[in-house]
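> show me how the following folds:
(chains A and B)
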Amino acid sequence: MLLAGGQGNRLYALTRRLAKPAVHYGGKYRIIDFTLSNCVNSGIDTVGVLTQYQPLELSEYIGSGQPWDLDRIHGGIYVLPPYQSGSGADWYSGTANAIYQNMQFILRYSPDYVLILSGDHIYKMDYSKMLEYHQETQADCTIATLEVPKHEASRFGILASDARGRITGFEEKPSEPKSLDASMGIYIFSTESLIRYLTDDNANPNSHKDFGKNIIPNMLGNGARLFAYPFDGYWKDVGTIDSLWEANMDLLDPSTPLDLGADWKIYARNAVRPPQYIGDGALVQNSIISEGAEIYGTVDFSVVFPDVTVEEGAVLRDSIVMPGSIIKKGAVVEYAILAEGCVIGQHAQVGARPEDTPDKDNWGIAVIGRGITVYPGSVVPAKAMVEEDWSTSGSKETEEALV
Amino acid sequence: MKNTLGIVFSNMHEHMMSDLTPHRCMGSIPIGGRYRLIDFALSSLVHSGVKDVGIITKTNYQSLMDHVGNGREWDLSRKIGGLVVLPPSTHAQTGQSGRVEALNGIMDFVKSRGAEYVITTDCDTMMNTPFDDMFDAHIQSGADITVLYKKMELREEGGRDVYVFSLNTDGKINAVLANPPLFGEQNVYLNVMITSKSLLEYLVADCYSRNLFNFERDILQAGLDKYRINAYEHKGYVTQLNSLQAYYDANLDLLNPQVRRDLFPRGLPVYTKVQDDAPVRYGLSAKVHNSLFADGCLIEGEVENSVIFRGVTIKKGAKVKNSVILQGATIGENSSLDCVITDKDVIIREGRAFAGHHTYPVYISRGAVV
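Now for the predicted structure:
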């Protein structure tokens, strides 16, 4: 059960009309591809995707599930939006409530175990090994954990466990964390326990109906068997502009333990485009570039999605450019994320390097929203969040002059 | 082009490309970084609205079957119609001795289809064009058979596997010439033909009964008096693959932006099998100019005027120029390739150097470790 309803409001312009799991990542993927591919590669063939916020494009992207081999006769992938029933209609009011409302879906398949996932993370993980661990420990619930740096621990749900891995304490976003083992939001439940605790929780009007805040503490309080499953691979939450940018840039670093080309393939719905073309005067280094892109300018330390054009004399550095965007002649894009279908006009400047920004507090990644035009010669400062066509004074005339 | 059955010959002209076809058929020759030749034929048919396609096979069709699968990538995985790979008929005693015999072998399939018209195509051309206009011309002219041609230069050194048409002003063919001693601009047959299904059934049965097997000679050439055979000109881009040199040129032709616009226009994609490769990664030491790269490559060396297929690794200090590097190759450190075609999964070890000439590329065979 993949929770994909989050609004992702800390991605601002990128998620204005798009659910977070459908945000582009890594040159050809969307964030949800990682979790879906992990499921398939782990041998899970029945997946429910719970959607709520801006589900249109996400549902369209998932389609029949064929790209992930999830178009099955038995099982397969199902998009599960909130629905109306005889007793009324409810939005999903929390992670636990979302699963509770889809109990009928789970029961149709009468599984022994239910894996709860979120569609917001970049990582490769074999859930079948976690399930083996769950079976060995005869747990009611197993939570995947990751050791996090001390200064970040208060952002996570923090677990305390004994030497055998049995969880003894759980605190959601503690101000003074007692350990560095953070919950990754990946749970395996024995179905019976899941149903019992979800049903109890749903009857409690004061509950937030959230796994971290309610279900896990309730289980611990009742002495249920909860175990921590430590994970030590690459894992990145891409919930903020900075972390999304970093997670993309990590792919350019050969020392990052996330190899997209390795055996554990990440499947995606592929664009049907010709190979990428790198022009005669182009300078392309330390970058990831995808199908259908045409590069005539400079691309350095960047991630470029399908069908992006970088014209002659344009410079793209330390940036992420999503499908179909065009960077016109002489434009300079630095430390920026451009969403799909942007047009950066000639000689425009988007973003800035930290070393070129005197006021470090106002430095950050510049973001250009979907389909936005930045007019020729305009300047988009660092950290800007552009959601409407952008023109610094007088630059529209410049555009006419340049046409 | 409703109500039309597509028939694709996957093997024709293989002898002209013998280097590339010992283990694969014409249709599964890799081309253009991420395609196989049959992708162009199938995509053109699909863009013409053909929903029912049979692929005729002869030998070495395993890689072709693997590539086309159930036809889903071409939207040809259908309940009604769809894509069918037709294995060679086993009762043919000596293997197919020509197009007529191949067609005779699939007549049960052809008869079982409800289509009124048939369009046949080979896999020897790289073009992406809907055949609707040709089909309309076929209907409007009242022709019995309409064939597709292109005005192109015949060169002495070119492959000699061509049929040339002499035409009346109204498009009717008055002579069909096989491998004529003609050079300069000629009306060259592109091995695409439209006719009615009933006429095709009759022609094949008639030829077969007379022990005639050559479609071009025994039907097109010999039938000029009996049937109205029209030619329709293809005005867009096409390249015909009838030699290793032509194969080399066709790949490098894709570096020309106009050719790419003609072959890959928006809205008319060339469909191919998806491989779920990662995007291309260019390393710190990469230097790339005027080249095409397909997914799954890792580029750390220098690449110029080349076409690099899927999953190729080019290591530091390697120099690849004017070359066509097929899927899965590893080009070792400080090696150098100029005017070279490497077939699938070739390994060029550290420091090796090969150079051909653009009029005579060096070919390194599949899986070779050099």
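> what does the pLDDT read for the residue of the stretch 1-150 of chain A found nearest chain B?
Using Cβ to the nearest Cβ, the closest approach of the stretch 1-150 of chain A to chain B is made by A:G27 at 3.5 Å. Glycine gets a C-beta too; all of them are placed from N, C-alpha and C. At A:G27 the predicted local confidence, pLDDT, stands at 97.
> how close does it sit to B:S285?
Note on A:G27: its distance to B:S285, by Cβ to Cβ, to the nearest Å, is 20 Å.
> between those two, which one's more packed in?
Between A:G27 and B:S285, counted using other Cβ atoms under 10 Å in any protein chain shown, the more crowded position is A:G27 (30 against 15).
> pull the longest strand from the chain.
All of this is about chain A. strand A:181-190 (DSSP state E).
> not quite, I wanted chain B
Per DSSP E, chain B has its longest strand at strand B:184-196.
> name the residues of stretch B:6-25 that come out as buried.
When neighbours are counted by 16 or more other Cβ atoms under 10 Å in any protein chain shown, the buried residues of stretch B:6-25 are found to be B:6-14, B:16-17, B:20-21, B:24-25.
> would you mind pulling the contact partners of the longest strand of chain A?
Residues external to strand A:181-190 that are found in contact with it (Cβ atoms under 8 Å, 6 or more residues apart in numbering or on different chains): A:112-118, A:121, A:123, A:125, A:127, A:130-131, A:134, A:139-148, A:153, A:156-161, A:170, A:211-212, A:216, A:228, A:230-231, A:235.
> just the buried members of the residues you listed?
Under a neighbour-count criterion of 16+ other Cβ under 10 Å, the subset of the contacts of strand A:181-190 counted as buried comprises A:113-118, A:121, A:123, A:125, A:127, A:130-131, A:134, A:139-146, A:148, A:153, A:156-159, A:161, A:170, A:211-212, A:216, A:228, A:231, A:235.
> among the residues you listed, which are in strands?
With strands identified by DSSP E, the entries of the buried ones among the contacts of strand A:181-190 that belong to them are A:113-118, A:121, A:123, A:141-146, A:157-159, A:161, A:170, A:228, A:231, A:235.
> spell out which parts of chain B neighbour chain A.
In this structure, chain B approaches chain A at residues B:32-34, B:72, B:254-255, B:257, B:260, B:263-264, B:269-272, B:274, B:276-286, B:288-296, B:298, B:303, B:307-308, judged by Cβ under 8 Å from any Cβ of the partner chain.
> if any of these are buried, give me the ChimeraX selection for them.
Those of those that meet the burial criterion (16+ other Cβ under 10 Å) are gathered into one ChimeraX selection, given here:
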select /B:32,33,34,72,254,255,260,263,264,269,270,271,272,274,276,277,278,279,280,281,282,283,286,288,289,290,291,292,293,294,295,296,298,303,307,308
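> out of the residues of chain B next to chain A, list just those in helices.
Secondary structure assignment (DSSP state H) places B:257, B:260, B:263 from the residues of chain B next to chain A within helices.
> need those in a markdown table (columns: pLDDT and distance to B:K58).
Written out in a markdown table, the entries for these read as follows (pLDDT from 0 to 100; distance: Cβ to Cβ, whole Å):
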| residue | pLDDT | distance to B:K58 |
| --- | --- | --- |
| B:P257 | 95 | 37 |
| B:R260 | 96 | 32 |
| B:L263 | 96 | 27 |
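> closest one of those residues to B:V147?
B:V147 lies nearest to B:L263 out of these, by Cβ to Cβ, at 21.9 Å.
> so in chain B, where's the weakest helix or strand by average pLDDT?
Evaluated with mean pLDDT, DSSP states H and E, the helix-and-strand set of chain B has its lowest mean pLDDT in helix B:99-105, which scores a mean of 92.
> so what touches that one?
B:7, B:9, B:12, B:56, B:58, B:86, B:88-89, B:92, B:96, B:110, B:200, B:204-205, B:207-208, B:212-216, B:218-219.
> which of the residues you listed count as buried?
B:7, B:9, B:12, B:56, B:58, B:86, B:88, B:96, B:110, B:200, B:204, B:207-208, B:212-216, B:218-219.
> okay, now the unreliable bits of chain B?
B:90-97, B:157-159 (pLDDT under 70).
> residues of chain A that sit close to chain B?
Within chain A, the positions adjacent to chain B are A:26-28, A:66-67, A:251-252, A:254, A:260-261, A:265-268, A:270, A:272-282, A:284-291, A:304 by Cβ under 8 Å from any Cβ.
> which of those residues are buried?
The neighbour-count test (16+ other Cβ under 10 Å) applied to these identifies A:26-28, A:66-67, A:251-252, A:260-261, A:265-268, A:270, A:273-279, A:282, A:284-291, A:304 as buried.
> residues near the residue lying closest to A:E246 once chain neighbours are set aside, how many?
Leaving aside its sequence neighbours, A:E246 sits nearest to A:K236 (Cβ to Cβ, 6 or more residues apart in numbering or on different chains; 7.3 Å). Other residues near A:K236 number 20, with proximity taken as other Cβ under 10 Å.
> run through the residues that contact A:K236.
If you count contacts by Cβ under 8 Å, 6+ apart, then A:K236 has A:121-123, A:243, A:246-247, A:250 around it.
> now, of these, which are buried?
Judged by neighbour count, with 16+ other Cβ under 10 Å as the criterion, the buried members of these are A:121-123, A:247, A:250.
> among the residues you listed, which one sits closest to A:P381?
With Cβ to Cβ as the yardstick, the closest approach to A:P381 among these comes from A:A247, at 23.7 Å.
> if you skip the residues just before and after it, what's nearest to the closest one?
Ranked by Cβ to Cβ, 6+ apart and with sequence neighbours excluded, the top spatial neighbour of A:A247 is A:K236, at 4.3 Å.
> same check on A:I289?
A:V304 is the one closest to A:I289 (Cβ to Cβ, 6+ apart), at 4.4 Å.
> for the one you found, give its distance to A:V343.
15 Å.
> and the spatially most distant residue from the centre of chain B, what is it in contact with?
For chain B, the C-alpha lying farthest from the average C-alpha position belongs to B:L284; by Cα atoms, centre = their mean, that distance is 37.1 Å. If a contact means Cβ under 8 Å, 6+ apart, then B:L284 has A:285-286, B:300 as its contacts.
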